[in-house]
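S.K.: structure here, sequence nowhere to be found:
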């Protein structure tokens, strides 16, 4: 009988202690939601923050979360980030917010972007066609198959070091040929691409 009373009293004490430091964390709720929003999540931001509260209650101690009476913000940030990553594992959102949906480019802009990209692709193709046949084949296998260097080495029986060095030189030549145009493309200066 006394054992049950002590157990209940102990559990009530633990619950009160946990609720005390969870309350300190929850005082910054809007800040946590803004952090999750900065990860690109708008719709489920509140849910992720609530999940973080549950994870903290289940897996963390007060010493990890509260330091000198203050919330350990870096720790909470990493818990928020990891929870966000776990919840979005394998998902690649196309449009993450209404702001991005309203900023869709006009058809003229899309034509300019497409033409600039095709010009860069043509320059890359011309550069690759000027290479030695071995470099061309290796580059095309790497680019088109998406295989790793190790997998290419296994299938072709070429040493991984040789493949790595060849691809490194290929990338350097492509960077030399179209590097400035690519920077112009990324900056939106499509008219500068020749």
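M.R.: Received, thanks. Nothing here was measured: the structure is a model prediction, and the numbers come from that model.
S.K.: so residue 70 bridges to which residues?
M.R.: residue 67 (DSSP bridges).
S.K.: what's the burial count for it?
M.R.: Residue 70 has 8 neighbouring residues, counting by other Cβ atoms under 10 Å. C-beta: built from backbone N, CA, C; applies to glycine.
S.K.: what's the separation between it and residue 76?
M.R.: Per Cβ to Cβ, to the nearest Å, residue 70 is found 11 Å from residue 76.
S.K.: repeat for residue 84
M.R.: Following Cβ to Cβ, the distance that separates residue 84 from residue 76 is 12 Å.
S.K.: per-residue confidence at residue 169?
M.R.: As predicted, residue 169 sits at a pLDDT of 91.
S.K.: packing partners of the helix or strand containing it?
M.R.: Using DSSP states H and E, residue 169 sits in helix 160-187. Contacts defined by 3 or more Cβ pairs under 8 Å, 6 or more residues apart in numbering; DSSP states H and E place helix 160-187 against helix 107-129, helix 133-145, helix 149-156.
S.K.: next one, pLDDT for the residue nearest to residue 145 when sequence neighbours are not counted please.
M.R.: Take residue 145 and drop its neighbours on the chain: the residue closest to it by Cβ to Cβ, 6 or more residues apart in numbering is residue 152, 7.7 Å away. Residue 152 carries a pLDDT value of 88.
S.K.: from residue 127, how far off is residue 173?
M.R.: 6 Å.
S.K.: swap that for residue 176, sorry
M.R.: With distances taken as Cβ to Cβ, residue 176 is found 9 Å from residue 127.
S.K.: tell me which of the two has more neighbours.
M.R.: For the pair residue 176 and residue 127, the greater number of neighbours falls to residue 127 (16 against 10), based on other Cβ under 10 Å.
S.K.: just checking, that one touches residue 175?
M.R.: No - judged on Cβ atoms under 8 Å, residue 127 makes no contact with residue 175 at a distance of 10.1 Å.
S.K.: secondary structure element holding residue 81?
M.R.: helix 73-87.
S.K.: list the buried ones in that helix?
M.R.: Using 16 or more other Cβ atoms under 10 Å as the test for burial, helix 73-87 gives 76, 79, 80, 81, 83, 84.
S.K.: what's the answer for stretch 29-38, then?
M.R.: Going by 16+ other Cβ under 10 Å, stretch 29-38 has these buried residues: 32, 33, 35, 36.
S.K.: contacting residues for residue 117?
M.R.: Counting by Cβ atoms under 8 Å, 6 or more residues apart in numbering, residue 117 makes contact with residue 185.
S.K.: distance-wise, check it relative to residue 150.
M.R.: Relative to residue 150, and taking Cβ to Cβ, residue 117 is found at 30 Å.
S.K.: what strand or helix carries the closest residue in space to residue 53 that isn't next to it in sequence?
M.R.: The shortest distance from residue 53 to any non-neighbouring residue, by Cβ to Cβ, 6+ apart, is to residue 22 (6.3 Å). Element membership of residue 22 [criterion: DSSP H and E] is helix 2-26.
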